[in-house]
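Chemist: After the sequence you'll find the predicted model.
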2 protein chains.
Amino acid sequence: MLTNRQLQILQVIVDDFVMSAQPVGSRQIAKKEGITFSAATIRNEMADLEELGFLEKTHTSSGRVPSEQGYRFYVDHLLKPQVISGNDVNQIHSLFEKQMFEAEKVIRESANILSELTTYTTILLGPDVKKHRVKKVQIVPLTEQTAVAIIVTDNGHVENRVLPLPSGFSPSEIEKMVNILNDRLVGVPLHDFQMKLETEALSILKQHVNAAESIIQSLVSISANQSEGNVYYGGKSNMLNQPEFHDLNKVRMLMDLIDKKSQVHTLFNQQQSGIQIRIGSENNHLAMENCSVITASFLLDEEQQGAIAIIGPTRMDYKRVVTLLEVMRNGLSQAFMKGTNDKL
Amino acid sequence: MLTNRQLQILQVIVDDFVMSAQPVGSRQIAKKEGITFSAATIRNEMADLEELGFLEKTHTSSGRVPSEQGYRFYVDHLLKPQVISGNDVNQIHSLFEKQMFEAEKVIRESANILSELTTYTTILLGPDVKKHRVKKVQIVPLTEQTAVAIIVTDNGHVENRVLPLPSGFSPSEIEKMVNILNDRLVGVPLHDFQMKLETEALSILKQHVNAAESIIQSLVSISANQSEGNVYYGGKSNMLNQPEFHDLNKVRMLMDLIDKKSQVHTLFNQQQSGIQIRIGSENNHLAMENCSVITASFLLDEEQQGAIAIIGPTRMDYKRVVTLLEVMRNGLSQAFMKGTNDKL
DNA sequence: GTTAGCACTCGCATAAGAAGAGTGCTAATA
DNA sequence: TATTAGCACTCTTCTTATGCGAGTGCTAAC
């Protein structure tokens, strides 16, 4: 168990290092407000904290730097929510005051605001389209050979795709087909769409419509397709500002990582709700060795949630980010729950 | 007017520097195949070329480096289309062999392939949605208070937006409204949509439907909205590989520039068709001081064109990029023209 | 238990020297 | 006259040396 003095020193070191990115020395700590003991005492305590694994040295005679374990302890026990300047809170709130009917816009804006306020990179995961239910299926003919298939979901999301028409496929057949599809498939969640399509609709379609298979295939591909679309970024190049990213190789790895939407999902820990912090190697990714990720999930409606991730160096301003994230998370949850089903 | 020998030397210097990123010395040139004169002669010629503005030195006793004017002369007079390895051409062609019905996918893939083959960053400008014509307008009610408005264009592009319904707006009124809209607006290009909506449809709508204005507003905002959506990127982080981008500040400026879709349009010179090369300061942009941009436009249908831009350092492998771009441009033009109006 | 004092370590910045690449000029050569 | 060999000179880069300063760890005194 750490003594109060040790806690105090650890706190000062983390706070100072987060701001300055420089190892913190004993004299520097002694000068801090609230510190009543001398540099020599601090040196002793620091030696103990290092032995316990909370601090590290960059070289024999440098000041101390928090270790991963140090950050972990800090966020678990020393993190007191910061009082955020009214300006920043206002900036977030102003986002929700505008009456916005499109979730996508709100989310995109949120990512931008967060990255601006934190100076880190933000990734926002929108609602999982697969959970939306089919509201309406439409097929709009374009030419003799092609048409657009459109699936509207109950949240107002629209998926679409151009598909080839079998030759000689008539408008009346399209109409028949659309009617059957709407009869059978309205209300089905998208992740069951393919299955229901093949079990319930296919046989009936075959009875009434010629050459329906190719169109069915296209419909399936729509519903299979959109898992990747709901990722939004803010401040991608912000990380270039951080001194720890002077190594271009690391930057490249990171950029490649966050650009791959499939990889992005591994950053989130959707199971748990609330705010979560993963520090350095806890991310289980080489490119994230010196990064921390703070994630927060927010409710979109009864069954769905979105998620925010903020990616910065392990030397991240945790208290500021956590507080901002809390504000944003509440705002988003409220905004979406208020108008449940009015919005995407 | 430059002598043959000077031309030959300039060519060798550009080719060599493009590969090595190192200033080229006289001895190095003398060793090259096809060079029959001595290093001393080359030194004399280089001094002349420098005086003429085609070469530069990084310091008094370094080898020579092409100046912007040198690159300009090179691309204008010395650029002979390179024979590209069959593999690379195949990779491009294989893209068009797959039957793809969605322009967006083709374009996205093109950007990726180009950035891979060139190792530079690719930006692809898709068709200008504003020129598409309305094929069908639909309004799908979601709840009592909201609905999705959908505009399908003749190329299969779908724009959509959630809109609030005036209270007490009935399904039959929606139907009436949709019918009127389709009667009046089918065939109208999107950039005229707002105007036509207000001149032709509004008055009739007012006669038949109550409180149509708010819906009209939402429709207008759909058609006003999508100018930004048609930009695709490939290999964004490729530039981090170039030695000239060791300066993080430059990288940041560049990334910020190409991420802003509004700025991207200034990179293109849509007026002229064919392949264009802008070198360094010719781009009129501080962040692009050491970059060259090669753009090519391709035909999408009778009236529209898309554009490709490849962004790399001024020390770019012009001949390879130009050749690849030519292949890609032809492929794209062919792919789209073949199926004119079958595709987005 | 706390603190002052001091020797010691290490990183960093600056300087100095050596090596190497390349130039420009001069004088010799074809 | 055009070309080339030779050589002194310049400038970068790499290495090594040196001094400075920040910070530690230990000891002894308070």
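Modeler: Everything's here; your move. Source: prediction; values computed, not measured.
Chemist: Number of residues surrounding A:Glu56?
Modeler: Residues lying near A:Glu56 (other CB atoms under 10 Å in any protein chain shown) number 16. Where C-beta positions appear, they are placed from N, C-alpha and C, glycine not excepted.
Chemist: same thing with A:Gly168?
Modeler: A:Gly168, neighbours per other CB under 10 Å, totals 9.
Chemist: Give me the helices and strands touching the helix or strand hosting A:Asp15, please.
Modeler: Taking DSSP states H and E as the definition, A:Asp15 sits inside helix A:4-20. Under the contact definition 3 or more CB pairs under 8 Å, 6 or more residues apart in numbering or on different chains; DSSP states H and E, helix A:4-20 sits against helix A:26-31, helix A:39-51, strand A:64-66, helix A:68-73.
Chemist: do the helix or strand hosting A:Met195 and chain B meet at all?
Modeler: Assigned by DSSP H and E, A:Met195 falls within helix A:190-196. No - Helix A:190-196 is not in contact with chain B by CB under 8 Å from any CB of the partner chain; minimum separation 15.4 Å.
Chemist: Name the next helix or strand downstream of that helix, please.
Modeler: According to DSSP H and E, the helix or strand after helix A:190-196 is helix A:202-208.
Chemist: Name the residues of that next one that come out as buried.
Modeler: A:202, A:205 (16 or more other CB atoms under 10 Å in any protein chain shown).
Chemist: could you give the mean pLDDT of the biggest helix by length in chain A?
Modeler: Identified as the longest helix of chain A according to DSSP state H is helix A:318-338. When pLDDT is averaged along helix A:318-338, the result is 88.
Chemist: Not counting its own residues, what contacts that helix?
Modeler: A:18, A:71, A:74-75, A:79-82, A:84, A:88-89, A:92-93, A:95-96, A:100, A:103, A:106-107, A:110, A:113-114, A:117-118, A:120, A:275, A:277, A:292, A:294, A:296-301, A:306, A:308, A:310, A:312, A:343 (CB atoms under 8 Å, 6 or more residues apart in numbering or on different chains).
Chemist: Now a ChimeraX select for only the buried ones of the residues you listed.
Modeler: A single ChimeraX command selects the buried members of the contacts of helix A:318-338 (16+ other CB under 10 Å):
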select /A:18,71,74,75,79,84,88,89,92,95,96,100,103,106,107,110,113,114,117,118,120,275,277,292,294,296,297,298,299,300,301,306,308,310,312,343
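Chemist: Which of the contacts of helix A:318-338 fall within helices?
Modeler: A:18, A:71, A:88-89, A:92-93, A:95-96, A:103, A:106-107, A:110, A:113-114, A:117-118.
Chemist: ok, which stretches of the stretch 201-344 of chain A are strands?
Modeler: A:231-234, A:275-279, A:291-299, A:305-313 (DSSP state E, counting those that start in this stretch).
Chemist: what packs against the third one?
Modeler: If you count contacts as 3+ CB pairs under 8 Å, 6+ apart, strand A:291-299 packs onto strand A:275-279, strand A:305-313, helix A:318-338.
Chemist: Deepest in the core, which of the ones you listed is it.
Modeler: Mean neighbour counts were compared across these using mean count of other CB atoms under 10 Å in any protein chain shown; the top stretch is strand A:305-313, at a mean of 23.
Chemist: residue at max distance from the center of chain A?
Modeler: A:Gly168 (46.7 Å; CA atoms, centre = their mean).
Chemist: part of a helix, is that one?
Modeler: No - counting by DSSP: H, G, I helix; E, B strand; the rest coil, one finds A:Gly168 to be coil, located in no helix.
Chemist: Kindly report the residues of chain A close to DNA strand C.
Modeler: A:5, A:36-41, A:44, A:58-62 (CB under 7 Å from any atom of the strand).
Chemist: Of the residues you listed, grab the buried ones for PyMOL.
Modeler: Only the buried entries of the residues of chain A next to DNA strand C go into this PyMOL selection, using 16+ other CB under 10 Å:
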select buried, chain A and resi 39+41
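Chemist: I'd like to know which of the residues of chain A next to DNA strand C is nearest to B:Leu125.
Modeler: Within the residues of chain A next to DNA strand C, the smallest distance to B:Leu125 is 47.5 Å, found for A:Thr58 (CB to CB).
Chemist: The closest one and A:Ala21 touch, don't they?
Modeler: No - the criterion here is CB atoms under 8 Å, and A:Thr58 misses it with A:Ala21 at 11.4 Å.
Chemist: so where's the stretch 51-200 of chain A shaky on pLDDT?
Modeler: A:99-102 (pLDDT under 70).
Chemist: tell me which parts of it are close to chain B?
Modeler: A:101-102, A:135-136, A:138, A:140, A:142-143, A:145-146, A:148, A:150, A:152, A:154-156, A:158, A:160-164.
Chemist: quick one, what contacts A:His246?
Modeler: Contacts of A:His246 (CB under 8 Å, 6+ apart): B:Leu248.
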